[in-house]
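Q: need a 3D model of the following:
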Amino acid sequence: MSDIPRNLKIFTTYWFLTGLLILLLNDFFFKEHYGNWLTGKLSDFSGLFIFPLFWTAIFPGHKNKIFWLTGLMFAYFKSPFSQAFIDNWNSIGLLSISRTVDYSDLCALIILPVAFSFESSSDSHPKISLNPIIPLTIATFAFLATNSLPTTCFQDSAIYYVKHYSRDSLISDLKASGIYATTSEYVNTKYKDENWEINNLNDSIYSLIISIGDFNSDDNTVKISLGCWDYNTKISENDLDKATLERQEDFVRGSFEKEVIRKIEKNYH
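A: This is a model prediction of the structure:
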């Protein structure tokens, strides 16, 4: 390995390869089968570890700038301020990107000093006899690989009846709860804004279509039906077997109940 440039040797260290493996396994397997808060954090930590190392290896003279920019870009991306950029970028139709606004994700920034220190001492870390072009190429794929976001719909309707609300007051409460929802033209309905798209419900659900309508005006009951969702996964829609689909349905219901229904009930009480 003596003929390999020093800056590229970091791609063959156990630490870099382990971070890359965790990122790939998490994005392609763990998120799909065990989507929860931990899988969301794993991608943040592993990605923030190898991303600045990747660019520092390519541009070794700009280490400090790369690490600072990585931290600032991550904080911006995880904030609501980046939503306009994400929407505009996704409208191009090239590489779809998504994220959930969760300030607890910023805890992953603590891995940057670890990566910075590791890069400084990478010469002393054990390495695998491997052409660095291989992990470099795989890392590039991991960074560019987009969420396939297959649109999946409930075969059996998932319906919730919420008391003490009219349709308009419930929509108003949704907005006041900080839930990022916009009207959707998914299907033609009685009301122009009956269908709503909830974006970035959590790290696994990129968007969820819900239908909101008055059910019983006598006792102020609103009917909410769950429609289709885009699951934050790199597994194509054609590869979704019955068991995986059932897990997704259970996860979507549970997430909706936790992130929406409980907030609505809390606001009422």
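Q: run through the stretch 151-269 of the chain and note the low-pLDDT ranges.
A: Low-confidence segments of the stretch 151-269 of the chain (pLDDT under 70): 151, 155-157, 184-194, 217, 232-241, 267-269.
Q: domain ranges for this protein?
A: Annotated domains of the chain cover 6-144, 151-268 [automatic domain parsing].
Q: turn those domains into CSV, including mean neighbour count.
A: The C-beta positions use only the backbone N, C-alpha and C, and glycine is treated the same way. As requested, the domains of the chain are exported to CSV (neighbours: other C-beta atoms under 10 Å):
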stretch, mean neighbour count
domain 6-144, 16
domain 151-268, 16
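Q: so where do the helices sit in the stretch 51-200 of the chain?
A: Applying DSSP state H, counting those that start in this stretch to the stretch 51-200 of the chain gives helices spanning 63-77, 83-92, 111-120, 133-144, 167-176.
Q: closest one to residue 54 among these?
A: Closest approach to residue 54 among those (C-beta to C-beta): helix 133-144, 5.4 Å.
Q: contacts for that closest one?
A: Applying C-beta atoms under 8 Å, 6 or more residues apart in numbering, the contact partners of helix 133-144 are 8, 11-12, 16-17, 20, 23-24, 27, 47, 50-51, 54, 57, 95.
Q: Three-state assignment for residue 228, please.
A: Assigned by DSSP: H, G, I helix; E, B strand; the rest coil, the conformation of residue 228 is strand.
Q: identify the residue nearest it in space, chain neighbours excluded?
A: Closest residue to residue 228 apart from its sequence neighbours, by C-beta to C-beta, 6 or more residues apart in numbering: residue 153 at 4.0 Å.
Q: picking up where we left off before, in helices only, show me the contacts of helix 133-144.
A: Judged by DSSP state H, helices contain the following of the contacts of helix 133-144: 16, 17, 20, 23, 24, 47, 50, 51, 54, 57.
Q: so can I have CSV of these showing pLDDT?
A: Output for those, formatted as CSV (pLDDT from 0 to 100):
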residue, pLDDT
16, 96
17, 96
20, 95
23, 91
24, 91
47, 93
50, 96
51, 96
54, 96
57, 94
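Q: and the two most separated of the residues you listed?
A: 24 and 57 (18.3 Å).
Q: before we move on, the earlier item: determine which of the helices of the stretch 51-200 of the chain shows the lowest mean per-residue pLDDT.
A: For these, mean pLDDT drops lowest on helix 83-92, to a mean of 76.
Q: just give me the closest of the ones in helices among the contacts of helix 133-144 to residue 265.
A: Using C-beta to C-beta, the ones in helices among the contacts of helix 133-144 come closest to residue 265 at residue 47, 35.2 Å.
Q: that closest one against residue 23, yeah?
A: Yes. Using C-beta atoms under 8 Å, residue 47 makes contact with residue 23 at a distance of 5.6 Å.
Q: next up, identify which helix or strand the closest residue to residue 170 other than its chain neighbours is on.
A: Sequence neighbours aside, residue 222 is the residue nearest to residue 170 in space, at 5.0 Å (criterion: C-beta to C-beta, 6+ apart). Element membership for residue 222 (DSSP states H and E) is strand 221-231.
Q: same check on residue 208?
A: Here residue 208 is assigned to strand 205-216, by DSSP H and E.
Q: next one: that strand to chain centre, how far?
A: Strand 205-216 has its C-alpha centroid displaced from the chain centroid by 21 Å (C-alpha atoms, centre = their mean, to the nearest Å).
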